[in-house]
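> structure here, sequence nowhere to be found:
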Ligand code: FBP
């Protein structure tokens, strides 16, 4: 007899077992929230001090000198302990402060721990200190929407992913009016400092705000956030100051786990190619890390494509004494050829399945597409400025937009000084599939960035791949390899001599265990023709059924499943690396504020090494800025860091590429990183990219 009491259906929600099973709180959540990240040694001391270090130099842009004079001379500052501080130092350090914090841009796992670190440090130094969280991103600053953070609220989000506590947004404080409103908010809340947790554009914002608020004495500190991993800082000598932004590790681990599961599925069911687009607006850092974690069969890296040169074409042009400009840089068509080559090679060994990882921002590195993006950015920005309206509201439908472009092309014919959009551009644009035209004309984000996440990059690339594979099929070079033993067994069972048909049907019958049907045989009809020609069947005879079966097996089927990995990984609870990293970033932020810094970005040096070697620092933001095209204009922004094709991580992937493609008989070489866990050692430690790149000084060139 059951020990449990029967549950009355009407009272079902009152039943304690039902309540426990349906509660929002589970054991994992409790353990996560209770986790106390270790702190860098310096933070175990009651007071910290900033030790400027002028050894770290940057190439400073003249425009940055001009626009950010108050913070351009900031130096890298190491956070150090103070042994016996004097009273004035203590008073300054512990004075009562109001600090505002805002999340800006896309969520990144670990943001809540930045808040927790800042909160804990501020309250420990002076319990009267207040931390305000601005709601819904920078709009919260502009519109003065903030909440005072309490211990209860902070505790509720410790070690949890997302930015749910105060939310985020993509607004930008980019006009005099917004700056004035920001000043009003700061005055109203009596703020001493604002902390901007954001990506390259948000840290750019932090620098301008620091410049603007300098006289008012309001300190502004940035925090390097973005799953894209494109905030990495090195000085001119190549010394790493910030190896990666927070959130990157978690997102990469989440994507890698999902993609690794697909590796398992596809090598079990052996019928699908899984096309995995992974986030990363521009840089391919996430794709590179996913490759290292999963050993997917094919991983494209945008930065490598930008470097591409077609050596054959260059040589040919040289002989003709001309320069073939088209041989430099990658085209979409050429990219599809490279992918097809790998698919064809795997098919030849009987593997009509696999995993392709495509970085979201890959189109940024394809010259022909990049040109369109820049031209369209300029056209849209010019239209908005001239008419003081919004291009997308004026031309809501694709056909309206295309008609507008056509008008511009006509104008270029009449006015030779108008060069932004000519007839050739218009014709080329016309050749692009409609869904891609729409993608290229989508609304830019508030920073003027092209929104790659809204474009079906994978669809564009894979449509070209499918087309070309069909051509290769027609040409007779795309075939599935047939195991010789299988072929022989099939024919023997039917009482047919395999050695009789083998040499007629296959091009490598005598010297391989994996048989490839001859190039000239591309259909049952052509098979019959060849068999007749070689005298293997008579004119009025049918092809023996087992022979036809084998031929049909040799015709590859390119079946795909498409996946997008982005928002899911971005919302994951942070890995232990990101928990510890962000909590210490929060502590760093407070040290910078308590020591009077402004225009600095909190960072942890030596992230690529063991935790015991981590060093909290402040990095000056202004010297990291350079000019970039935004909304059709050159604008001063924090420089994004893209994948370095000379880095050890990239070169390792390049060297292992052939092995991971596994276009050879036998097993694939997939790696199983497993899901994000809080315990365990290796996977939770730090990104593999960082581990490899930290070996930089130890690698001897050969
Ligand atoms: P941040 O640079 O703001 O951290 O955002 C990164 C990102 O997740 C990109 O990977 C992606 O392209 C983009 O945000 C998506 O933007 P949105 O959230 O507006 O769709």
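Perfect, thanks for sending it. Since we're looking at a predicted model, the values are computed, not measured.

> what score does the most centrally placed residue in the chain have for pLDDT?
In the chain, the C-alpha closest to the average C-alpha coordinate belongs to residue 280, at a distance of 2.3 Å (C-alpha atoms, centre = their mean). The confidence metric pLDDT takes the value 94 at residue 280.

> report the contact partners of it.
227-230, 286-287, 359-361 (C-beta atoms under 8 Å, 6 or more residues apart in numbering). For glycine as for every other residue, the C-beta is placed from the backbone atoms N, C-alpha and C.

> next, it: phi, psi?
Comment: the main-chain dihedrals of residue 280 come out as phi 140, psi 90, following degrees, to the nearest 10.

> name the nearest residue to it, ignoring sequence neighbours.
What sits nearest to residue 280 in space, not counting adjacent residues and going by C-beta to C-beta, 6 or more residues apart in numbering, is residue 286, at 4.3 Å.

> got it, and residue 633?
Residue nearest to residue 633 in three dimensions, not counting chain neighbours: residue 381, with 6.8 Å by C-beta to C-beta, 6+ apart.

> any buried residues in the helix or strand harbouring the one you found, and which?
When elements are assigned from DSSP states H and E, residue 381 belongs to helix 367-387. Taking 16 or more other C-beta atoms under 10 Å as the basis for neighbour counts, the residues of helix 367-387 that come out buried are 367, 369, 372-373, 375-384.

> wait, the residue nearest to residue 280 sits on residue 252?
Yes: taking C-beta atoms under 8 Å as the definition, residue 286 is a contact partner of residue 252 at 5.4 Å.

> so which residue of the chain lies furthest out from the middle?
Of all residues in the chain, residue 540 sits farthest from the chain's C-alpha centroid, using C-alpha atoms, centre = their mean; the distance is 60.5 Å.

> quick one: that residue from residue 529, how far?
If you measure residue 540 against residue 529 using C-beta to C-beta, to the nearest Å, the figure is 14 Å.

> burial count for residue 648?
17 (other C-beta atoms under 10 Å).

> which pair in the buried residues of helix 367-387 spans the largest distance?
With distance counted by C-beta to C-beta, no two of the buried residues of helix 367-387 lie farther apart than 367 and 384, which are 26.2 Å apart.

> what residues does the stretch 401-550 of the chain put near the ligand?
Counting by C-beta under 6 Å from any ligand atom, the positions of the stretch 401-550 of the chain adjacent to the ligand are 452-453.

> can you show me the strands along the stretch 401-550 of the chain?
Listed in chain order, the strands found in the stretch 401-550 of the chain under DSSP state E, counting those that start in this stretch are 482-483, 514-515.

> most tightly surrounded among the ones you listed?
When neighbours are counted by mean count of other C-beta atoms under 10 Å, the highest per-stretch mean among the strands of the stretch 401-550 of the chain falls to strand 514-515, a mean of 20.

> near the ligand, which residues of this structure?
Taking C-beta under 6 Å from any ligand atom as the contact definition, the chain meets the ligand at 105-106, 108, 199, 226-228, 279-281, 360, 452-453, 570.

> burial measure for the residue in the stretch 401-550 of the chain that the ligand sits nearest to, as a count.
Minimum separation of the stretch 401-550 of the chain from the ligand (C-beta to the nearest ligand atom) falls at residue 453, amounting to 3.9 Å. Close neighbours of residue 453, defined as other C-beta under 10 Å, add up to 18.

> quick one: contacts for it?
Shown here is residue 453, whose contacts under the criterion C-beta under 8 Å, 6+ apart are 279, 281, 360, 566.

> apply 10 Å and report the result again.
The neighbourhood of residue 453, defined by C-beta atoms under 10 Å, 6 or more residues apart in numbering, consists of 106, 277, 279-281, 360-361, 442, 445, 564, 566-567.

> also residue 20?
With contacts taken as C-beta under 10 Å, 6+ apart, residue 20 has the following neighbours: residue 26.

> residue 618 in helix, strand or coil?
Recorded secondary structure, residue 618: strand (DSSP: H, G, I helix; E, B strand; the rest coil).

> spatially nearest residue to it (excluding sequence neighbours)?
Spatial nearest neighbour of residue 618, chain neighbours left out: residue 600 (3.7 Å); criterion: C-beta to C-beta, 6+ apart.

> what pLDDT does residue 661 get?
So, for residue 661, pLDDT stands at 98.

> I'd say it and residue 669 touch.
Yes: because the distance of 8.8 Å satisfies C-beta atoms under 10 Å, residue 661 is recorded as touching residue 669.

> any common contacting residues for residue 286 and residue 252?
For the pair residue 286 and residue 252, residues contacting each of them under the criterion C-beta under 10 Å, 6+ apart are 227, 229, 278-280, 565, 569, 687, 689.

> nearest to residue 606, of those?
Here the nearest of the shared contacts of residue 286 and residue 252 to residue 606, counting by C-beta to C-beta, is residue 687; it sits at 14.0 Å.

> tell me the phi and psi of the closest one?
Per degrees, to the nearest 10, the backbone of residue 687 is at phi -60, psi 140.

> residue 628: helix or strand, and which one exactly?
Residue 628 belongs to strand 625-630 when elements are defined using DSSP H and E.

> tell me the mean pLDDT over that strand?
Taken as a whole, strand 625-630 has a mean pLDDT of 88.

> so, low pLDDT: which residues of the stretch 551-700 of the chain?
Judged against pLDDT under 70, the low-scoring parts of the stretch 551-700 of the chain cover residues 632, 679-684, 697-700.

> how about the strands of it, start to end?
Taking DSSP E, counting those that start in this stretch as the test, the strands found in the stretch 551-700 of the chain are 560-565, 600-605, 615-620, 625-630, 633-638.

> ok, residue 434 touching residue 398?
Yes: using C-beta under 10 Å, residue 434 is in contact with residue 398, at 6.8 Å.

> and for residue 230, the neighbour number?
By other C-beta under 10 Å, the residues close to residue 230 number 26.

> ugh, typo on my part, it should be residue 275
24.

> so it is in contact with residue 565, correct?
No: when contacts are counted by C-beta under 10 Å, residue 275 is not listed as touching residue 565 (11.1 Å).

> overlap in contacts of the two?
With C-beta under 10 Å, 6+ apart applied, the overlap between the contact sets of residue 275 and residue 565 consists of residue 357.

> pLDDT weak spots in the stretch 351-500 of the chain?
Of all residues in the stretch 351-500 of the chain, those with pLDDT under 70 make up the ranges 447.

> which residues sit against stretch 529-537?
Applying C-beta under 10 Å, 6+ apart, the set of residues contacting stretch 529-537 is 500-501, 503-505, 517-518, 520-521, 523, 527-528, 538-539, 541, 543-544, 547-548, 551.
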